[in-house]
Structure formats: structure tokens, C-alpha cells
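Participant: structure of the sequence below:
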Amino acid sequence: MQARTKAIVALAVVCVGAALLLAACGAPDVSGTYKSTGAGVLSTEATLTINSDGTFKASGPLPMQDSTFELTGTWTQDGDQVTLEAEGPFASLVSVKTGAYEDGTLTFGEEIWQKQ
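Facilitator: From the prediction side, this is the model:
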């Protein structure tokens, strides 16, 4: 009986370890600060900060205007897909955007953000 109990315990430890390993290999960590590459309408001075608490803030100069924007909201992630849901005065311009994360780059249509 002792050998069987040891085998069951060993199998349980292996299963838990495998589950933890799979969880660690899941969705990439997208939290951090990004700069616009300037590929879309935003300048390279625009920044995007994705916080681990599910909030984000984007700010920078408005294209072709002598003013700046600040946009806040919440974000969610499903695998490599990141969705930003804007709040506040500029929310109607952005609304909800879903983009893809790959190798430190977030792409939302023409807007490309590089992790710093």
C-alpha cells in the first residue's frame, strides 16, 4: 500500500507542476509603458501605459493641433488579444479597440506601440 500511495502522491505533484507550467506559459504580460511608433496618426511622443490593475492611460500631442490628449480606461486580455475600453472626454473618438500583442509590440490597426 505504501508504494501505491507514494505513486499517487508523485503523480499529483507532477500534475500540479504541469498545470503551473502551462499557466506560466499562457498569455504574455502586456503591462508596462509603450511609445507610439508614429505609424498611424499619433506622433512618436504619444505614450500608452497599461497597468496590471486593469487600467490604462494614453497621452501625447494631438495630430496637427497645438494641444495634447489624455485618455484613460480599462483593458482586458484574451491570449495575445488586448482590448482597450476608453472612458472620459476622448472616449467617443476611440471607444473600444482590440489589438494584438507580439514580441513587445501592440498593434491596433495602423497604430503600433512599442514596449519600453
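Participant: which SSE is immediately downstream of the least confident helix or strand in the chain by mean pLDDT?
Facilitator: Within the chain, no helix or strand scores below helix 2-24, which has a mean of 40 by mean pLDDT, DSSP states H and E. The helix or strand immediately downstream of helix 2-24 is strand 32-36, counting by DSSP states H and E.
Participant: who's in contact with the residue positioned nearest the centre of the chain?
Facilitator: A centroid search over the chain (CA atoms, centre = their mean) returns Val30, at 3.4 Å, as the residue closest to the centre. By CB atoms under 8 Å, 6 or more residues apart in numbering, the residues touching Val30 are 50, 77, 82, 101, 106. All C-beta spots, glycine's among them, are computed from the backbone N, C-alpha and C.
Participant: among those, give me the pair with the biggest separation.
Facilitator: With CB to CB as the measure, no two of those lie farther apart than Gln77 and Leu106, at 10.7 Å.
Participant: more crowded one of those two?
Facilitator: Leu106 (22 against 17; other CB atoms under 10 Å).
Participant: ok, now which ones touch Phe69?
Facilitator: Counting by CB under 8 Å, 6+ apart, Phe69 touches 58-62, 90.
Participant: please name the bridge partners of it.
Facilitator: Beta-bridge partners recorded for Phe69 (DSSP bridges): Gly60.
Participant: Ile50 now?
Facilitator: As for beta bridges, Ile50 partners with Gly32, Phe56 under DSSP bridges.
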